[in-house]
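Novice: Turn this into a model:
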Amino acid sequence: MAATQVVRSEWTKIRSVASTVWTLSLAVVVTIALGMLISALSRSEFDSMSTRDRLSFDPTFISFAGMSLGQLAMIVFGVLVVSNEYSTGMIRASLAAVPKRGTFLFSKLAVATALALVVSMATSFAAFFLGQAMLGEHKASLGDEGVLRAVIGGGLYMTLIALFSMGVAAMLRSPMLSLGILMPFFFLISNILGNVDATKKVGRFLPDQAGSRIMQVVPPLDDDTPYGPWGGLGIMALWVAAAILGGYVLLKRRDAQ
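Specialist: Below is the predicted model:
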């Protein structure tokens, strides 16, 4: 089967599965709605903030507060795109139609990543503009230094979260096992390592903590992070590359089951 036919096939699979469509829709709604809520609360509390908190007030980053939950939906999307074929048994038919496993995997990843990128970019820009509307006089402008980079970075961050999840799912094959590892990793382990003094220096190199740096315009006071916004996204990209490579190697070596 030609590469273009494989891509078309993967696009048909993704858009015909209701769960993947719903998870992307949920990512959009949760990210925007929660970002607007946190922005509105920040506006009402600004006058009571300490001088220190006002100095580190980052209106752009606040509008992305919903991504902490929005990325949950992107993780589910990434896992379902890959592991659905294993849970339904379709993987045998897919690999029979596309014997070249590299072509099969990377066509699937390319289609899903392109879709995730479009949705993530639209979500990031919408979250920014609506969040700034909630902040009123404390808002940032897209033309301010570092803001456009942060908004584009928000879209890239969510896309990389989905792609990382696809790589992990390609390695583990099971949707339950993949989600059982990814959810605690991002929502428990990462937070613990990032907030405990003894492990902070390790935690900042985890994919979500490093990648989210791209969305910050005003760095926290006394920040000693050894990399900048693009450096953090680069660290996240390395995690993603490792996950995809692992998925590719295991797909080449294992039976289709």
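Novice: Please verify my assumption that residue 153 contacts residue 229.
Specialist: Yes. Residue 153 is within contact range of residue 229, at 6.5 Å (criterion: C-beta atoms under 8 Å). Placement of C-beta: from N, CA and C, glycine included.
Novice: tell me, what's touching these two both at once?
Specialist: Counting by C-beta atoms under 8 Å, 6 or more residues apart in numbering, the residues touching both residue 153 and residue 229 are 214-215.
Novice: more neighbours, those two?
Specialist: The residue with more neighbours, out of residue 153 and residue 229, is residue 153; 24 against 20, by other C-beta atoms under 10 Å.
Novice: pLDDT score assigned to that one?
Specialist: Looking at residue 153, its pLDDT is 97.
Novice: Name all residues that make contact with it.
Specialist: 214-215, 229, 233.
Novice: Can you say which two of those residues are spatially most distant?
Specialist: 215 and 233 (9.6 Å; C-beta to C-beta).
Novice: Neighbour count: the two, which is higher?
Specialist: Neighbours were counted for residue 215 and for residue 233 using other C-beta under 10 Å; residue 215 has more, 26 against 23.
Novice: The more buried one: what's it in contact with?
Specialist: Residue 215 is in contact with 60-61, 64, 67, 150, 153-154, 157, 229, counting by C-beta under 8 Å, 6+ apart.
Novice: now do 6 Å
Specialist: Residue 215 makes contact with 61, 64, 150, 153-154, according to C-beta atoms under 6 Å, 6 or more residues apart in numbering.
Novice: In terms of pLDDT, where does it sit?
Specialist: pLDDT recorded at residue 215 is 96.
Novice: for it, phi and psi?
Specialist: When read as degrees, to the nearest 10, the backbone of residue 215 gives phi -90, psi 0.
Novice: and if you look at residue 140?
Specialist: The phi/psi pair for residue 140 (degrees, to the nearest 10) is phi -110, psi 160.
Novice: and the gap between it and residue 150?
Specialist: Residue 140 is 9 Å from residue 150, where distance means C-beta to C-beta, to the nearest Å.
Novice: what sits in contact with each of the two?
Specialist: residue 60.
Novice: returning to that earlier point: tell me the one of the contacts of residue 215 nearest residue 210?
Specialist: residue 153 (11.8 Å).
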